[in-house]
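Engineer: Fold the stuff below for me.
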Amino acid sequence: SHDYGYADLGWFTVVGASGGLLGAGYNVVVFSLRSLRERLVRGDARKRVLETVLITWLASTAYYWLPTAFPCRPCAGGDDCTSLAAAHGAQSLLYMQHTCERGHYSPLGTLLMSPQEGIIKRLFSRDESSADDVPVGELGTFLAVYLVIAVTVIGTAVPAGNFIPAMTMGGILGRLFAHAAAAPLDKRGRFALMGAAAALCGVTRMTLTRAAILVEVTNDVGALLPLMYTIACAKIVADLFAPSFDDGMMREMCLPYLELEQQAEFSFLTARDVMSNRVIVLREKERVGDLLAVLKRTSHSGFPVVDMGPNKDQTYFSGLILRRHLYALLQHRAWELQARGEELPAALEHDFVGSARKMPTITRLVNAMQITAAEKLQTIDLRPFMDPCPYLANELMPMRRIYRLFAELGVRHLPVVDCRELVIG
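Structural biologist: The predicted structure is shown next:
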């Protein structure tokens, strides 16, 4: 349909703002419940299983009994409601008789017990027949129940997402506004489409991507501009109340990440102002005992490798080696292989590349290593294993450029050198 008009603009503004508010509220509740769940059931497998069973039982009970509180509706096809689904040409559009008598179906039961595909198709439907239109009471009840279940399930010991729930809740919200606007039956599906876009944007803050996906799903190119406008309204409102789902979860889980926006103070700082002066460096040829002591004494994940110069009193930068790589060398006794001049075994190469999986347990594994006093006096040549050309920073490099290296390129270790290439930070 391409008959969107200026008269719809006001309602799309309201739908966009309401959908953004719904998405932001969804995020806030999910974050709060996650914090509560961390305090009550974290680390206890029995509590997590009991929580999942309890939520499943409550949801099943609500799904079964709530439809009985609302009246049934007669099937358009007479005694057989399947003819109504066949009229849409889709098997996913089911009409649940539930506790109704023959020839009738339950609108709320149909929404609650249909597959997700059937719910979304029904919400987006632009059928001119009133047989498929869900009353306001059932829509409001379904939205309330679905919202409570959606925010509760996220974070439990079952796989769950927020894309389909956000689309479903937004579609219901759009249908409610279609009733409020007394929109014709064939235009209520477009209200649901705008509501779904607004709620998705409120949860994820993704804009053009969501518009493109929904245009492709509905095969309605004419809806692109209204969708972009509705999504813009949703994002403006949602940004006022809560962060996006991904940003909020990263903060709740205390995951390390950097904002793209830099602070104003960075314009006046250089690498010398923010670096750590107490640098732990490794020589190109290091004793096994010294490597083991460094791994036990520190928690650094990377170490600069230096050339001590002819007088053994300088720290010329030579390369960078990671903590997990040092562990792999010690585990496979690389000093013995180098002493015999043997090639690296396939097991060492595999552990050297795949050692990232062991990062959380490397400190414990290092402490459990059994290395004799004689072996600690042996040396390992680190040059074949180090990274000879990592990112470097001169001590006068502006902080803004350093921040971009970490935020945009994903740099995790940045040795600082002076004009003579001596490691100073």
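
Engineer: list the buried ones in stretch 394-408?
Structural biologist: 395, 397, 399, 402-404 (16 or more other CB atoms under 10 Å). Yep, even glycine has a C-beta here, placed from its N, CA and C like the rest.

Engineer: and these as JSON lines, adding pLDDT?
Structural biologist: Formatted as JSON lines, these follow (pLDDT from 0 to 100):
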{"residue": "Glu395", "pLDDT": "93"}
{"residue": "Met397", "pLDDT": "93"}
{"residue": "Met399", "pLDDT": "92"}
{"residue": "Ile402", "pLDDT": "92"}
{"residue": "Tyr403", "pLDDT": "90"}
{"residue": "Arg404", "pLDDT": "90"}
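
Engineer: Inside helices: which ones of those?
Structural biologist: 399, 402-404 (DSSP state H).

Engineer: Quick one: these as a markdown table, columns for distance to Glu375 too.
Structural biologist: Putting those into a markdown table (distance: CB to CB, whole Å) gives the following:
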| residue | distance to Glu375 |
| --- | --- |
| Met399 | 44 |
| Ile402 | 40 |
| Tyr403 | 43 |
| Arg404 | 44 |
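
Engineer: where does the chain dip in pLDDT?
Structural biologist: Scanning the chain for pLDDT under 70 picks out the ranges 1-5, 76-94, 127-132, 351, 354-365, 367-368.

Engineer: hmm, 50 instead?
Structural biologist: 1, 83-92 (pLDDT under 50).

Engineer: where along it do the strands fall?
Structural biologist: 73-74, 104-105, 282-283, 285-287, 302-307, 316-322, 379-381, 393-394, 416-417 (DSSP state E).

Engineer: which helices and strands sit right next to the last one?
Structural biologist: The one in question is strand 416-417. The contact analysis (3 or more CB pairs under 8 Å, 6 or more residues apart in numbering; DSSP states H and E) places strand 416-417 against strand 393-394.

Engineer: Give the partner strands of the strand it packs on in its sheet and their orientations.
Structural biologist: strand 416-417 (parallel) (DSSP bridges).

Engineer: give me every residue that touches Arg420.
Structural biologist: Taking CB atoms under 8 Å, 6 or more residues apart in numbering as the criterion, Arg420 is in contact with Tyr316.

Engineer: coming back round to it: and which of the ones in helices among the buried residues of stretch 394-408 is nearest Arg333?
Structural biologist: Ile402 (38.0 Å; CB to CB).

Engineer: how distant is stretch 61-72 from the center of its chain?
Structural biologist: 35 Å (CA atoms, centre = their mean, to the nearest Å).

Engineer: That one spans what distance, first to last residue?
Structural biologist: Between the opening and closing residues of stretch 61-72 there is a gap of 19 Å (CA to CA, to the nearest Å).

Engineer: Can you tell me how far the nearest residue to Glu101 once chain neighbours are set aside is from Leu143?
Structural biologist: Spatial nearest neighbour of Glu101, excluding adjacent residues (CB to CB, 6 or more residues apart in numbering): Cys72 at 7.1 Å. With distances taken as CB to CB, to the nearest Å, Cys72 is found 20 Å from Leu143.

Engineer: same deal with Pro390?
Structural biologist: Pro390 is 53 Å from Leu143, by CB to CB.

Engineer: Looking at these two, which one has more neighbours?
Structural biologist: Leu143 (20 against 17; other CB atoms under 10 Å).

Engineer: List the residues that contact that one.
Structural biologist: Contacts of Leu143 (CB under 8 Å, 6+ apart): 169, 172-173, 176.

Engineer: which of those lies closest to Ala234?
Structural biologist: Of all the contacts of Leu143, Ala234 sits closest to Leu173, with 10.9 Å by CB to CB.

Engineer: farthest-separated two in the contacts of Leu143?
Structural biologist: Met169 and Leu176 (10.7 Å).

Engineer: So between those two, which is more surrounded?
Structural biologist: Met169 (26 against 21).

Engineer: OK, contacts around the more buried one?
Structural biologist: Neighbouring residues of Met169 by CB under 8 Å, 6+ apart: 22, 26, 143, 146-147, 150, 199.

Engineer: Narrow those residues to those in helices?
Structural biologist: Using DSSP H, those in helices are 22, 26, 143, 146-147, 150, 199.

Engineer: Quick check: of those, which has the highest neighbour count?
Structural biologist: Neighbour counts for those (other CB under 10 Å) peak at Ala199, which has 34 neighbours.

Engineer: What distance do you get for that one to Val15?
Structural biologist: Distance from Ala199 to Val15, by CB to CB: 10 Å.

Engineer: any common contacting residues for those two?
Structural biologist: With CB under 8 Å, 6+ apart as the test, Ala199 and Val15 both reach Leu173.

Engineer: Distance to Gly103 for the ones in helices among the contacts of Met169 - can I get that in TSV?
Structural biologist: Shown next, in TSV, are these (distance: CB to CB, whole Å):
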residue	distance to Gly103
Leu22	36
Tyr26	38
Leu143	28
Tyr146	28
Leu147	32
Ala150	33
Ala199	35
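
Engineer: and of these, the nearest to Asp307?
Structural biologist: Distances from Asp307 to those, taken as CB to CB, are shortest for Tyr26 (56.4 Å).

Engineer: That closest one contacts Ala150, doesn't it?
Structural biologist: Yes - counting by CB atoms under 8 Å, Tyr26 touches Ala150, with 7.2 Å between them.

Engineer: Which neighbours do the two have in common?
Structural biologist: 162, 169.

Engineer: Val411 versus Leu422, what's the distance?
Structural biologist: Computed as CB to CB, the Leu422 to Val411 distance reads 21 Å.

Engineer: And Asn162, by the same measure?
Structural biologist: 31 Å.
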